[in-house]
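1. Model the structure of this input:
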Amino acid sequence: MLRVVVAGKRREIGIEAYSQKGMGVAEAREKALALREDIKRGIDPVMQRKEAASRLRAGHALEMTFEKTAERYIAAKEVEWRNLKHGAQWTYTLAEYAHPVIGKMQIRHVTRSHVLEILEPIWQSKTETASRLRGRIEAILDYARVKGFRDEGVNPAAWRGNLDKLLSAPKKTKRVRNHPALSIAQMGAFMKRLRAIEGISARCLEFSILTAARSGEARAADWREIDLEKRIWTVPAEKMKARKEHRVPLPTAAVRLLKAIKRQDDVCLVFPSPRASGALSDMSLLAIMRRQGLEATPHGFRSTFRDWASEYTNYPRELAEVALAHIKGDATEAAYWRSDVLQKRRRLMDDWAAFCDKVIDEGTVIPMNNQA
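-> Model prediction:
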């Protein structure tokens, strides 16, 4: 032990434990002499050791893997996301494509070549997924930079001025795939078969067709949102894709369907899952389509509705867009469309429901509706 005064403070500096095989007295004196020389040069050996230990601890704290950083980012940002499904998509795409390549790597070591190794195999075949994955990796790397896990510099997953020089533009690469839809002429025959199928899933699919609603909105329909007397279903903003309240005028067939459903005590969902608490899964509706041998999807019926309104009626295009909740605009425009055209939309939906009741041959000429 070296006892010494450093800058007016008494210090006791441990040199090393005595050992017959290790350090002896003579060697300890040599180290003590070296420490005194350091002190003469203005170096505090105790502070020097503490600083070295502090730097070591700080370095360990910054040694973060990409996977751990991604977990922290998701935990920090998930409260901003609209639903749990969005967070699940982040977790899945990172686990499926990114983590096998860079998950265990220190995030400060991730480079452009690593990002390309992840993206290139799926850029052509799964362009939309790859594009979203790139954005997620970029966000995580930006988070790491701000947290101090990475050095300042160009984000290796950034698009503009970086990956746009190496990968084709997503808009020119991706193949647009619309949801497979049933032909207009097949609607009546399909509805007849659908109504012969028992079960809550069949009724939910029938309801979504009659209202031209997204299947997710129909599956989450709540009795408190429905006014059977006024024949209006008011879907709250938080359930809508555009995050705006949407009022749906219910055709007579939809009202009849709802009145025929046996309501369960203390259950607010119109179409509750029979096997688990909560709403029906999207697969429950798709399974009905598959059992009918159809490639169409539940969402595709919205396309069928849009085609019918455009090709076989004289209703204004905007009216059908409002029925599909596609009209966007400021608060004044939104209020106008909700209130002023509600009765016109009611006629539109009644005509759609009446059309769905008709079983027609593929070669039959469908008369155009003159109402508008």
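
2. which residues of the stretch 1-150 of the chain fall in strands?
-> Listed in chain order, the strands of the stretch 1-150 of the chain (DSSP state E, counting those that start in this stretch) span 2-6, 9-13.

3. Take those and lay them out in a markdown table including mean neighbour count, mean pLDDT and distance to Leu141.
-> The way it works is simple: take the backbone N, C-alpha and C, and place the C-beta from them, glycine included. Conversion of the strands of the stretch 1-150 of the chain to a markdown table gives the following (neighbours: other C-beta atoms under 10 Å; pLDDT from 0 to 100; distance: least, C-beta to C-beta, whole Å):
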| stretch | mean neighbour count | mean pLDDT | distance to Leu141 |
| --- | --- | --- | --- |
| strand 2-6 | 13 | 71 | 44 |
| strand 9-13 | 12 | 70 | 44 |
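
4. So for Val110, which of these sits nearest?
-> Val110 sits nearest to strand 9-13 of all the strands of the stretch 1-150 of the chain, at 42.1 Å, using C-beta to C-beta.

5. if we can go back for a sec, could you dump the strands of the stretch 1-150 of the chain to CSV with distance to Ala287?
-> Shown next, in CSV, are the strands of the stretch 1-150 of the chain (distance: least, C-beta to C-beta, whole Å):
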stretch, distance to Ala287
strand 2-6, 79
strand 9-13, 76
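
6. Among the ones you listed, which comes closest to Met283?
-> Using C-beta to C-beta, those put strand 9-13 closest to Met283, at 70.5 Å.

7. Pull out the CA atoms of that closest one and give them to me as CSV.
-> Provided in CSV are the C-alpha atoms of strand 9-13 (Å, rounded to 0.1, in the frame of the first residue of the first chain):
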residue,chain,number,x,y,z
LYS,A,9,-5.4,15.0,-0.3
ARG,A,10,-4.2,11.9,1.4
ARG,A,11,-4.3,8.9,-0.8
GLU,A,12,-3.8,5.2,0.0
ILE,A,13,-3.1,3.5,-3.2
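
8. Provide the strand pairings for that strand, with the direction of each partner.
-> Strand 9-13 has these partner strands in its sheet, going by DSSP bridges: strand 2-6 (antiparallel).

9. now Glu217: how far from Thr69?
-> Distance check for Glu217 against Thr69: by C-beta to C-beta, to the nearest Å, it reads 36 Å.

10. Could you identify the helix or strand that succeeds the lowest-mean-pLDDT helix or strand in the chain?
-> None of the helices or strands of the chain scores lower by mean pLDDT, DSSP states H and E than helix 331-340, at a mean of 54. Sequence-wise, the next helix or strand downstream of helix 331-340 (DSSP states H and E) is helix 342-356.

11. For Thr65, which residues are in contact?
-> Thr65 sits next to Gly103, Lys104, Met105, Gln106, Ile107 when contact means C-beta atoms under 8 Å, 6 or more residues apart in numbering.

12. Would you list the buried entries among these?
-> Neighbour-count burial (16 or more other C-beta atoms under 10 Å) applied to the contacts of Thr65 gives Gln106, Ile107.

13. Excluding covalently adjacent residues, which one is nearest to Asp151?
-> Arg108 (6.7 Å; C-beta to C-beta, 6 or more residues apart in numbering).

14. quick one: the one you found and Lys147 touch, right?
-> No - contact between Arg108 and Lys147 fails when scored by C-beta atoms under 8 Å: they sit 10.9 Å apart.

15. what is in contact with those two at once?
-> Common neighbours of Arg108 and Lys147 (C-beta under 8 Å, 6+ apart) are Met64.

16. Might you list the low-confidence residue ranges for the stretch 51-200 of the chain?
-> The stretch 51-200 of the chain contains residues with pLDDT under 70 at 52-62, 82-85, 174-179.

17. which stretches of it form helices?
-> 66-77, 84-93, 112-123, 127-147, 170-173, 187-195, 200-211 (DSSP state H, counting those that start in this stretch).

18. in the longest one, what's buried?
-> Just to be clear, that refers to helix 127-147. 127, 129-131, 133-134, 136-141, 143-145.

19. any chance you could map the strands in the stretch 201-350 of the chain?
-> Going by DSSP E, counting those that start in this stretch, the stretch 201-350 of the chain shows strands at 226-227, 232-235, 246-249.

20. Need the winner for burial among these.
-> The highest mean neighbour count among the strands of the stretch 201-350 of the chain, using mean count of other C-beta atoms under 10 Å, belongs to strand 246-249: a mean of 22.

21. Identify all contacting residues around that strand.
-> By C-beta under 8 Å, 6+ apart, strand 246-249 touches 211, 213, 231-235, 240, 323, 325, 338, 342-343, 345-346, 349.

22. which ones are touching Phe149?
-> Contacts of Phe149 by C-beta under 8 Å, 6+ apart are Leu62, Met64, Thr69, Ile107, Arg108.

23. Could you identify which of those residues has the most neighbours?
-> Ile107 (23 neighbours; other C-beta atoms under 10 Å).

24. Can you give me the separation between Phe355 and Met47?
-> From Phe355 to Met47 the distance is 85 Å (C-beta to C-beta).

25. now Ala130
-> Counting by C-beta to C-beta - Ala130 and Met47 are separated by 52 Å.
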